[in-house]
Structure formats: structure tokens, C-alpha cells
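*Asks:* Prediction below, plus the sequence it came from.
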Amino acid sequence: MKTIGLIGGMSWESTVLYYQSINVQVKARCGGLHSAKILLHSFDFDEIERYQRLGEWGRAGEVLASAGRALAQAGADFLVLCTNTMHKVAPQIEASCPIPLLHIADATAASIKRAGIETVGLLGTQFTMEQDFYVGRLREKHGLNVLVPEPEARAGIHRIIYDELCLGVVEAPSRAFYRQAIADLAGRGAQGIVFGCTEITMLVGQGDSPVTVFDTTQIHAHAAVDLALS
């Protein structure tokens, strides 16, 4: 079994889901008392969020890459970055780390293609929904059509992630807001909905969507287990 290097804490609420899901899957596939071999670097998210807010992505990339190198030195065989938004700096991590990074968008695209879906709606932080590092990868590398909510909805989705979900707060009005955003995307032609933030699964699930949902947290964790056991 390969050792998984998790770069987490962004936020720790979703990193818990990664740790749990990876171990549940390893137990199911290997049986007995088996669990995953994991090394974890967990950030103080306040530091990373400040870099995001100030647009200091290069500095954010430096500290995440440093964590990746430390995990490699400690014995990790590959890296899993437990956040969608910070994949904006994935190229910086990949360029300076001696072990591979399992990209969340690639794992998600593979799951979408297996479902036979071509057009998806994307929910996430405003960085993920509005910048090219994620939408562009899905479109250009994987040939998918990607729809995002309208500007007002994007702002609301972003606020709920940072002001509620990253703090472990789950509110019924926010669930209703997300359900409406999902319905709007489906009405515009989305055949599936990508939960492009690792905290979204805390708030909504398949029962909240008229079309197939793609939970990137679970997809990424599953891909990590596939690679660890390959």
C-alpha cells in the first residue's frame, strides 16, 4: 500500500471527511483491521484564506509546496490537496515536489465521463467558479461543457462556504439557497452538478438535486485509494 500525503486544513471540516472516507474505503477493500497509510499536513486556514483574499497566490503556492516537499521527505508516495480552490496553485506544487499530485479536477472529470455526461453545473468558491484554473481544466483538458451560476448566486454560494460551512455551521436557509442554484443550473441544461468545494457535501447531497451530483470530496478520496492500492 502506498502512503498518501494529505495537504489539508483548508478547511479542517472537509479534511476530516477525506480522512474518514479514505479509511472506510481501504477497510472495505482490504478487510480486517486494514486502514490507510496517511501523512497529513494540516494548515491554519486563517493564513491561507488571507492569502486568497489579498490575491497573494504565489505566497500561498510557496507554503503549500513546502508542505508537499515535507510530506515527500517523510515518506509520502503521492500528494492529495484536500481543497478545490487551492488547486489554483497546483502547478507551483507540482513543479517543486518530487512526488506526483493527484489533481481533484482530473478525478472529477473521469467520474463525469464514466456517467456519460457532457454538461455540468459547477458550485464552489468564487475563485473556483470564476477563474480559469478549474473551469478551464474541465473544458480544455477533458472536453466538458461547464456552466456556473449567475453573479448574485455565485456571491451567495461563496459567502455560505466561508461564513458557515468552513466554521461547521449548516443552516436550512443556506440549503434552500443551494437547492435553488442547483435547480437553476439544471434548468439551463446541466446534466450533472459538481460540488466544486470540499465543504459543500456538508450542506447538500443527491437528494437536493434533480440531476446527478458529483461530490468532489468523495471522488478525490476514492481516487486516492485507487492509487494507494494500485
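*Replies:* Everything's here; your move. Numbers count the residues shown, from 1 in each chain.
*Asks:* relative to its centroid, which residue of the chain is most remote?
*Replies:* Computed with Cα atoms, centre = their mean, the residue of the chain farthest from its C-alpha average is G32, at 29.3 Å.
*Asks:* Would you confirm that it belongs to a helix?
*Replies:* No. The assignment for G32, made by DSSP: H, G, I helix; E, B strand; the rest coil, is coil rather than a helix.
*Asks:* From Q25, how far out is it?
*Replies:* Distance from G32 to Q25, counting by Cβ to Cβ, to the nearest Å: 14 Å. Any C-beta I mention is one placed from the backbone N, CA and C, and that applies to glycine too.
*Asks:* Next, the buried residues of the strand or helix carrying A224.
*Replies:* For A224, the element it lies in under DSSP states H and E is helix 216-229. Within helix 216-229, the residues scored as buried using 16 or more other Cβ atoms under 10 Å are 216-225, 227-228.
*Asks:* Export those to CSV and append columns for pLDDT and distance to R175.
*Replies:* As requested, the buried residues of helix 216-229 are exported to CSV (pLDDT from 0 to 100; distance: Cβ to Cβ, whole Å):
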residue, pLDDT, distance to R175
T216, 98, 18
T217, 97, 17
Q218, 98, 19
I219, 98, 21
H220, 98, 23
A221, 98, 23
H222, 98, 25
A223, 98, 27
A224, 98, 28
V225, 98, 29
L227, 98, 33
A228, 98, 33
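*Asks:* Tell me which residue lies nearest the centroid of the chain.
*Replies:* In the chain, the centroid-proximal residue (Cα atoms, centre = their mean) is N84; its distance is 3.6 Å.
*Asks:* tell me the contacts of that one?
*Replies:* By Cβ atoms under 8 Å, 6 or more residues apart in numbering, the contact set of N84 is 104-105, 124-125, 128, 134, 196-198, 216.
*Asks:* Could you tell me which of those residues belong to helices?
*Replies:* Among the contacts of N84, the members falling in helices are 104-105, 128, 134, 216 (criterion: DSSP state H).
*Asks:* Report all helices and strands that the helix holding A224 contacts.
*Replies:* In terms of contacts (3 or more Cβ pairs under 8 Å, 6 or more residues apart in numbering; DSSP states H and E), helix 216-229 is packed against strand 4-8, helix 12-30, strand 78-81, helix 104-114, strand 192-195.
*Asks:* Retrieve the pLDDT associated with the spatially closest residue to E56 that is not a sequence neighbour.
*Replies:* In space, and not counting its chain neighbours, E56 is closest to R50: 7.8 Å by Cβ to Cβ, 6 or more residues apart in numbering. With respect to pLDDT, R50 has a value of 97.
*Asks:* What's the first helix or strand after the helix or strand hosting R50?
*Replies:* Using DSSP H and E, R50 maps to helix 45-54. From helix 45-54 onward toward the C-terminus, using DSSP H and E, the following helix or strand is helix 57-74.
*Asks:* angle of that next one against strand 4-8?
*Replies:* Using axes from the mean of the first three to the mean of the last three Cα atoms, to 10 degrees, the inter-axis angle of helix 57-74 relative to strand 4-8 is 150 degrees.
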